[in-house]
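Peer 1: sequence first, then the predicted structure, then my questions.
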Amino acid sequence: MKIKIMKLAAAAALAVGIAASSTMARAAEKDIVDTAVSAGEFKTLAAALGTAGLVDTLKGAGPFTVFAPTDAAFAKLPAGTVENLLKPENKDQLTAILTYHVVAGKVMAADVVKLSEAKTVNGAPVKIAVNGDKVMVNDATVSAADVAASNGVIHVIDTVLLPPAK
């Protein structure tokens, strides 16, 4: 009986592994924008990228590393902040914030944990720290790493990164 349960568990683990590999392969066929949109938890980020005119850039060849804040991360901002940033007159500020979430090149989690900072496309660096099993980017926690895309990688974060004042 014990052996039968162990065989079933091994088969289930193999099936989950195959399904996960298949999902990752499909994700890697999509660019960063399409991968984020299909995940369903980045609607605010997608809207912001559209308003800032950055969709075509992040659909480009790359490679890019994106620290992608979820909708819940945007919801943590003070009331009215997102709506204000999405106004046409605030496009420069929105672009500065969004480009602060992007690093040129493909930086996988194994590489990120060896860094103390990374220069963003915005020009300002983000601080990177490993605290136990948590990876922090400034004050944001990475909740999912190494989400593959055809033109780079996404690391999901729980807080919107705000660039330092210039």
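Peer 2: That came in fine, so what should we check first? Numbering: from 1, shown residues only.
Peer 1: could you chop the protein up by domain?
Peer 2: Domains of the chain are assigned by automatic domain parsing as 1-30, 31-157.
Peer 1: what mean pLDDT does stretch 91-99 have?
Peer 2: In this model, stretch 91-99 has an average pLDDT of 95.
Peer 1: show me what counts as buried in it.
Peer 2: 94-99 (16 or more other Cβ atoms under 10 Å). Placement of C-beta: from N, CA and C, glycine included.
Peer 1: now for whichever strand in the chain runs longest, which elements pack on it?
Peer 2: Using DSSP state E, we find that the single longest strand of the chain is strand 140-149. When contacts are defined as 3 or more Cβ pairs under 8 Å, 6 or more residues apart in numbering; DSSP states H and E, strand 140-149 packs onto helix 2-28, helix 32-39, strand 64-69, helix 109-112, strand 134-137, strand 152-157.
Peer 1: packing partners for the fourth one?
Peer 2: Using 3+ Cβ pairs under 8 Å, 6+ apart as the contact definition, the elements that helix 109-112 packs against are strand 140-149.
Peer 1: could you do the third one as well?
Peer 2: Judged by 3+ Cβ pairs under 8 Å, 6+ apart, the packing partners of strand 64-69 are helix 32-39, helix 43-52, strand 102-104, strand 140-149, strand 152-157.
Peer 1: put the alpha carbons of it into PDB.
Peer 2: The C-alpha trace of strand 64-69 is given here as PDB (Å, rounded to 0.1, in the frame of the first residue of the first chain):
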ATOM      1  CA  PHE A  64      14.600  43.400 -20.200                       C
ATOM      2  CA  THR A  65      14.100  42.600 -16.600                       C
ATOM      3  CA  VAL A  66      10.900  44.000 -15.200                       C
ATOM      4  CA  PHE A  67      10.100  44.300 -11.500                       C
ATOM      5  CA  ALA A  68       6.300  44.100 -12.000                       C
ATOM      6  CA  PRO A  69       4.000  45.500  -9.300                       C
END
